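In: kindly return the folded structure for what I paste below:
(one chain, ligands or ions: 2)
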Amino acid sequence: MTQRVFSAMQPTSDSLQLGNYLGALVQWVKLQDTHDAIYSVVDLHALTVSPEPELLRSRTRATAAQFLAAGVDPDRSLCFVQSHVPQHAELAWILSTFTGMGEAGRMTQFKDKSAKVGESGTNVGLFTYPILMAADILLYDTNVVPVGEDQRQHLELSRDLAQRLNGRFGDGTVVVPEPHIVKSTAKIYDLQDPTAKMSKSAVSPKGTIEILEDPKKVAKNIKSATTDSGSEIRFDREAKPGVANLLTIYSALDGRSVEQLEADYEGKMYGHLKVDLADVVVEYLTPIREAALDWIESPDRLDEVLAQGAAKASALAQGTLDRIYDRLGLVPALHR
Ligand code: AMP
Ligand code: TRP
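Out: Ligands and ions are numbered 1, 2, ... in the order given. Coordinates of the predicted model:
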């Protein structure tokens, strides 16, 4: 049987950034060729940061638009909004009863986020967030989950929960998912602070490359990226994190290996690398940006794609949920 791939992103910004694209989306698109693929905009997850309703709505559509523009193909894969498939929240409840308090409390993303806002600003949803993520994955009998490095620990929890259910209720209760994290692009760094990951919530907007950004601004950010005081263009994550990050991005978009780029830029200055990379990035992102803006400008067409995705996803999800409910000893709901 064809292996299933599932992944998702939160609609927490107007535009995705290059780390989302290289760390995750590129793999999503590739895996469609070999796998049965399902991709979701996880709006219920985004509620944990209390978004403004209108922003949440527009960002949910914009995020889906960027999936499609990047090459998620609704004729081959399912693309849907999490809140349209109620089974996610239902399975999350079940899984929460199998998750230890300590286990959930050890999640570094929760610790980081709650430390930032302080205990009074933290909500229970932020704490149980990884359990909802496990539900997203297990609902579709997922084999493979393409994500960036920062999601590794959350995926480990999904695997632990899956193994726990199978141990207690028998093999085949759920499928144990595997992470798919491509080492070379698993972590794209901030252009201004190349020791921090590129993120939608970066301190300085100059450190981020946004997919929907005006290409001139994208070029400017790349040209003002932090490099080190030396001059040699060489991949050295420790000594030259800024240059290493630029070479990673360059190689991922242009297809030349990092070694080849080092050879091609021997004797040249950082400025050359940045000017060329700015061109490569702008050329690469422009068609994606335009396609995304087209989708955003036709919300009816977009909503139709998302509705079809949700209908199919919901049917699959219900099958899994029925199986799990039965194994757990819940009485069958004959009215359905
Ligand atoms: P998020 O922005 O946290 O919703 O992330 C969505 C997806 O993009 C997840 O699979 C992340 O692991 C991935 N991702 C986010 N930022 C980066 C980054 N700087 N480098 C690589 N992958 C990333
Ligand atoms: N937690 C992920 C992130 O912040 C988003 C996510 C939610 C996800 N559910 C998922 C990723 C299921 C992969 C599979 O990036």
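
In: if I look at residue 201, how far off is residue 108?
Out: Counting by Cβ to Cβ, to the nearest Å, the separation of residue 201 from residue 108 is 16 Å. Placement of C-beta: from N, CA and C, glycine included.

In: equivalent analysis for residue 215, please.
Out: The value you get for residue 215 to residue 108, if Cβ to Cβ is used, is 35 Å.

In: between the two, which one's more packed in?
Out: Legend: neighbour count by other Cβ atoms under 10 Å for residue 215 and residue 108, higher for residue 215 (14 against 11).

In: can you pull the pLDDT of the closest residue in space to the more buried one that isn't next to it in sequence?
Out: Computed as Cβ to Cβ, 6 or more residues apart in numbering, the closest residue to residue 215 that is not its neighbour in sequence is residue 282, at 4.4 Å. For residue 282, the model assigns a pLDDT of 97.

In: mind listing the helices for the stretch 51-200 of the chain?
Out: Remark: helices assigned in the stretch 51-200 of the chain by DSSP state H, counting those that start in this stretch are 53-70, 87-96, 101-105, 108-117, 124-138, 152-169.

In: winner for burial among the ones you listed?
Out: Highest mean neighbour count among the helices of the stretch 51-200 of the chain (mean count of other Cβ atoms under 10 Å): helix 124-138, with a mean of 22.

In: how far off centre is stretch 184-197?
Out: Using Cα atoms, centre = their mean, to the nearest Å, the distance from the centre of stretch 184-197 to the centre of the chain it belongs to is 15 Å.

In: buried residues, it. List them.
Out: For stretch 184-197, a neighbour-count test (16 or more other Cβ atoms under 10 Å) marks 185-194, 197 as buried.

In: looking at it now, give me its mean pLDDT.
Out: Averaged across stretch 184-197, pLDDT comes to 95.

In: what are the contacting residues of it?
Out: 18-19, 22-23, 26, 148-150, 198-199, 202-204, 206-209, 221-222, 224-226, 241-242, 244-245, 248-249, 251-252, 258 (Cβ atoms under 8 Å, 6 or more residues apart in numbering).

In: give the contact list for the residue nearest to the spatial centre of the chain.
Out: Nearest to the mean C-alpha position of the chain, counting by Cα atoms, centre = their mean, stands residue 9 at 4.3 Å. Taking Cβ under 8 Å, 6+ apart, we find residue 9 in contact with 16, 20, 24, 41-42, 63, 67.

In: same thing with residue 286?
Out: For residue 286, the residues meeting the contact criterion (Cβ under 8 Å, 6+ apart) are residue 215.

In: can you list the residues of the stretch 1-150 of the chain near ligand 2?
Out: For the stretch 1-150 of the chain, the residues in contact with ligand 2 under the definition Cβ under 6 Å from any ligand atom are 6-10, 42, 45, 133, 136-137, 145, 147.

In: next, residue 40: secondary structure please.
Out: strand (DSSP: H, G, I helix; E, B strand; the rest coil).

In: strands of this protein, start to end?
Out: With DSSP state E applied, the chain shows strands at 4-9, 36-41, 78-81, 144-146, 178-180, listed in chain order.

In: from the ones you listed, which stretch is densest packed?
Out: Highest mean neighbour count among those (mean count of other Cβ under 10 Å): strand 36-41, with a mean of 26.

In: mind listing residues that contact that strand?
Out: Applying Cβ under 8 Å, 6+ apart, the set of residues contacting strand 36-41 is 2-11, 28, 31, 60, 63-64, 67, 72, 76-82, 136, 140, 142, 313, 316.

In: ok now that strand, how far from the chain's centre?
Out: Per Cα atoms, centre = their mean, the displacement of strand 36-41 from the mean C-alpha position of its chain is 11 Å.

In: run the angle between that strand and helix 87-96 for me.
Out: Between the axes of strand 36-41 and helix 87-96, defined by axes from the mean of the first three to the mean of the last three Cα atoms, to 10 degrees, the angle is 90 degrees.

In: so strand 36-41, near ligand 1 or not?
Out: No: no part of strand 36-41 sits near ligand 1 under the criterion Cβ under 6 Å from any ligand atom; the closest distance found is 10.0 Å.

In: got the angle for that strand vs strand 4-9?
Out: Counting by the same axes, to 10 degrees, strand 36-41 lies at 10 degrees to strand 4-9.

In: what pairs with strand 36-41, parallel or antiparallel?
Out: In its sheet, strand 36-41 lies beside strand 4-9 (parallel), strand 78-81 (parallel), with partners assigned from DSSP bridges.

In: tabulate those strands (CSV), appending mean pLDDT.
Out: CSV is the format used below for the strands paired with strand 36-41 (pLDDT from 0 to 100):
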stretch, mean pLDDT
strand 4-9, 98
strand 78-81, 98
